[in-house]
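Novice: Mind folding the following:
(chains A, B and C)
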Amino acid sequence: MNKTHNNKAWWLVLPMFALVAFSAIIPLMTVVNYSVQDIFDQNTAYFVGVEWYQEVLRNTRLHDSLLRQFIFSFSVLAIEIPLGILVALLMPKEANWKTSLVLILLALPLLIPWNVVGTIWQVFARGDIGLFGWAVNAMGFEYNYTANALDAWLTVLLMDVWHWTPLVALLCYSGLRAIPEAYYQAAMIDRASRWAIFRYIQLPRLKGVLVIAVLLRFMDSFMIYTEPFVLTGGGPGNATTFLSQSLTQMAVGQFDLGPAAAFSLIYFMIVLLVCWLFFTTITHMDKERQ
Amino acid sequence: METVSFFGWMAWTQPTALFFIGIGSILVCMTIWEIKRPCTERKGFLPIATTRGDRLFISLITSGFIHLSVVGATEWSIWTAFGLSVTLLLVTLKWG
Amino acid sequence: MMIGANAFSVRKLLGLLLYLLFVLLPIYWLVMMSFKTNEEILGQLTLWPAQFTFDNYVTIFTDPSWYMGYVNSMIYVVMNTLITLVVALPAAYAFSRYKFVGDKHLFFWLLSNRMAPPAVFLLPFFQLYSSVGLFDTHLAVALAHCLFSIPLAVWILEGFMSGVPKEIDETAYIDGYSFGHFFVKVFVPMIRSGIGVTAFFSFMFSWVELLLARTLTSVDAKPISAIMTRTVGAAGIDWGLLAAAGVLTIIPGILVIWFVRNHVAKGFALGRV
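Specialist: Residues are numbered from 1 along each chain as shown, chains lettered A, B, ... in the order given. You can find the predicted model right below:
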């Protein structure tokens, strides 16, 4: 659609801008202010310059936590995006009560508060009283998410897949439904294979929703806090101590506001960069093709 | 509890205030410039076609990472990073 | 040909059922736990409650400090959804119809608000809302959640609005509609589905969020997810009660998705990338 250039459109955006700016910019400025000071209490703070940044950037424990976070986020994306597309393709097309039922069942994990999600898996994955833990043990695998680091990590991953794949599936399902029937009929006439239909008709039309899905999943999994906190408390050892948890330990546990603020700003910049690169690449590819 | 003024809890310091004033004035100037003389997308040395605003954003985020690497990996003064960033900003705006 | 197609759809159905089983088993476990006594939950693995009990639900429905949590959560979630829609609708219209100074960057900035790690931002949030006198009100949580819901709302609505031909706007103006009149009477009804889907996502992300909601409230507006942490007592965790509370948190969501199911099934493709 060709859009008209009109700066008066700002008046339509202004209420939204004011509302978001209020909650976004003031806290952000405050965190920037924290990050250059040594804060003891409300009235006692010393300016320390870039000392916290220096400390945080050279702290190997935080490097590990960043690395763990990247591995986790990419694993999440690598599993949830293809699985979500697959589930969307499997879903019935007709608008009837069966489709409604599937939609509702599918959306259930999304509607559960995050701490409850952690609680569910805390019990469900236990070897003695949870079905999942019991089943895995019964199949002959040693599995104990409270003692084994790898098990704990995999459990958090499985929980995230369980929790968030429905979001990807719902978005993709909606995207698929928006493809006009004529496209499929044309493909039928051309005797296109199932794969060709997916590759050349469905996937390109899904791009819009997939960009949202990838960005949302990347941003949210990068900041994951509540679920692993409830499930494993970050343990065993540091195996499931993700970014947000290291931050909370620093900011709340030790009241090291300065380093925690510096650390979160660095993380913020990393996420911003990754999202911007992704967003720009996609936009750019789009223009290239036209 | 004592009454805390609205800005008290934000823990302002002079350097951070200057930083935000700086960013704010860059944004204001860019907006005025854009209204007076709307710019078109063009292709410079950056791999993609960009508008003035895009180039500003790219320079700012790169500057952020320049500062971080100088602080994290070297013993140089922060002003080295700042100088580098300003140069980068101007170069990118002009030829990017 | 027909047999092949049938075999294919059977495989599809099996795949879907397998996935739904994966989705539902943990929830089944939660529901069953809520009908068990704590001794049974911690004692052994049972697929069906040996002593079926409603005690956990009775506790929740008779204790105001429990059920008020649901009321509080509902209030701020509904407020959040309404505020989001009211401010996101005109904004999305502007994005879908006009170019203006800084539009692309404004959009990316909106999105970037989801990227900040919550842990350290909680303290400034607490202080910000305290300083304007909103601490422990439903409005504070609703406004804070706008930070996440508005960017997504603008994105989804813009996609729907771009699907409405511009000629409709122009015809309406020629017919003498004012902008406000046109927007409310003509345009909004045309993107009903988009509003439904947006409302669902705003509801969802606000309902399940815990950290901000817990930080910005203490007594009067305390959400259910924060009240649940109470079940962790000196005697350990009251699993049955926790499970019952958890089951009840799913129900409002089911109602909301029931209302928007047709809109989701009708499909939407998102334009802005």
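Novice: Which helix or strand contains the most centrally placed residue in chain B?
Specialist: Nearest residue to the geometric centre of chain B (Cα atoms, centre = their mean): B:L60, 3.9 Å. Using DSSP states H and E, B:L60 falls within helix B:52-73.
Novice: low-confidence ranges in the chain?
Specialist: You didn't say which chain, so I picked chain A. A:1-2, A:42-43, A:288-290 (pLDDT under 70).
Novice: hm, I was asking about chain B
Specialist: B:1-7.
Novice: one step back: restrict the helix holding B:L60 to CA atoms and write it as PDB.
Specialist: C-alpha atoms of helix B:52-73 as PDB (Å, rounded to 0.1, in the frame of the first residue of the first chain):
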ATOM      1  CA  ARG B  52      19.900   9.500   7.900                       C
ATOM      2  CA  GLY B  53      18.100   8.100  10.900                       C
ATOM      3  CA  ASP B  54      19.200   4.600  10.200                       C
ATOM      4  CA  ARG B  55      22.800   5.700  10.000                       C
ATOM      5  CA  LEU B  56      22.400   7.600  13.300                       C
ATOM      6  CA  PHE B  57      21.100   4.400  15.000                       C
ATOM      7  CA  ILE B  58      23.800   2.300  13.500                       C
ATOM      8  CA  SER B  59      26.500   4.700  14.700                       C
ATOM      9  CA  LEU B  60      25.000   4.900  18.200                       C
ATOM     10  CA  ILE B  61      24.700   1.200  18.800                       C
ATOM     11  CA  THR B  62      28.300   0.700  17.400                       C
ATOM     12  CA  SER B  63      29.500   3.500  19.700                       C
ATOM     13  CA  GLY B  64      28.000   1.600  22.600                       C
ATOM     14  CA  PHE B  65      29.900  -1.500  21.700                       C
ATOM     15  CA  ILE B  66      33.100   0.500  21.100                       C
ATOM     16  CA  HIS B  67      32.800   1.900  24.600                       C
ATOM     17  CA  LEU B  68      32.200  -1.500  26.000                       C
ATOM     18  CA  SER B  69      35.200  -3.100  24.300                       C
ATOM     19  CA  VAL B  70      37.500  -0.200  25.300                       C
ATOM     20  CA  VAL B  71      36.400  -0.500  28.900                       C
ATOM     21  CA  GLY B  72      36.400  -4.300  29.000                       C
ATOM     22  CA  ALA B  73      39.500  -5.200  27.000                       C
END
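Novice: list the buried ones in that helix?
Specialist: B:52-59, B:62-64, B:66-68, B:70-71 (16 or more other Cβ atoms under 10 Å in any protein chain shown). All C-beta spots, glycine's among them, are computed from the backbone N, C-alpha and C.
Novice: so how many other residues sit close to C:L248?
Specialist: For C:L248, the count of nearby residues is 19 (other Cβ atoms under 10 Å in any protein chain shown).
Novice: so, in contact with chain B or not, the strand or helix carrying C:A142?
Specialist: Using DSSP H and E, C:A142 maps to helix C:138-162. No: shown here: helix C:138-162 not in contact with chain B (Cβ under 8 Å from any Cβ of the partner chain), separated by at least 15.6 Å.
Novice: near chain A, anything from that helix?
Specialist: Yes: using Cβ under 8 Å from any Cβ, helix C:138-162 reaches chain A at C:143-144, C:146-147, C:150-152, C:154-155, C:159, C:162.
Novice: For these, name the two members farthest from one another.
Specialist: Within the residues of helix C:138-162 next to chain A, two members stand farthest from each other by Cβ to Cβ: C:A144 and C:S162, at 29.4 Å.
Novice: coming back round to it: closest one to C:Q44 out of the buried residues of helix B:52-73, please.
Specialist: B:L68 (53.9 Å).
Novice: Quick check: the closest one touching A:F268?
Specialist: No: assessed by Cβ atoms under 8 Å, B:L68 is found out of contact with A:F268, at 11.7 Å.
Novice: and the one residue in the stretch 51-200 of chain C that gets nearest to chain B, how many residues sit next to it?
Specialist: Taking Cβ to the nearest Cβ, chain B has its nearest neighbour within the stretch 51-200 of chain C at C:Q127, 4.3 Å off. C:Q127 has 21 neighbouring residues, counting by other Cβ under 10 Å.
Novice: Contact partners for the closest residue to chain C within chain B?
Specialist: With Cβ to the nearest Cβ as the measure, B:W9 is the residue of chain B nearest to chain C, at 4.3 Å. With contact set as Cβ atoms under 8 Å, 6 or more residues apart in numbering or on different chains, B:W9 has these partners: A:30, A:42, C:124, C:127, C:131.
Novice: The helix holding C:A142 packs against which elements?
Specialist: Secondary-structure packing of helix C:138-162 (3 or more Cβ pairs under 8 Å, 6 or more residues apart in numbering or on different chains; DSSP states H and E): helix A:10-34, helix A:203-222, helix C:64-97, helix C:103-112, helix C:118-131, helix C:192-208, helix C:211-215.
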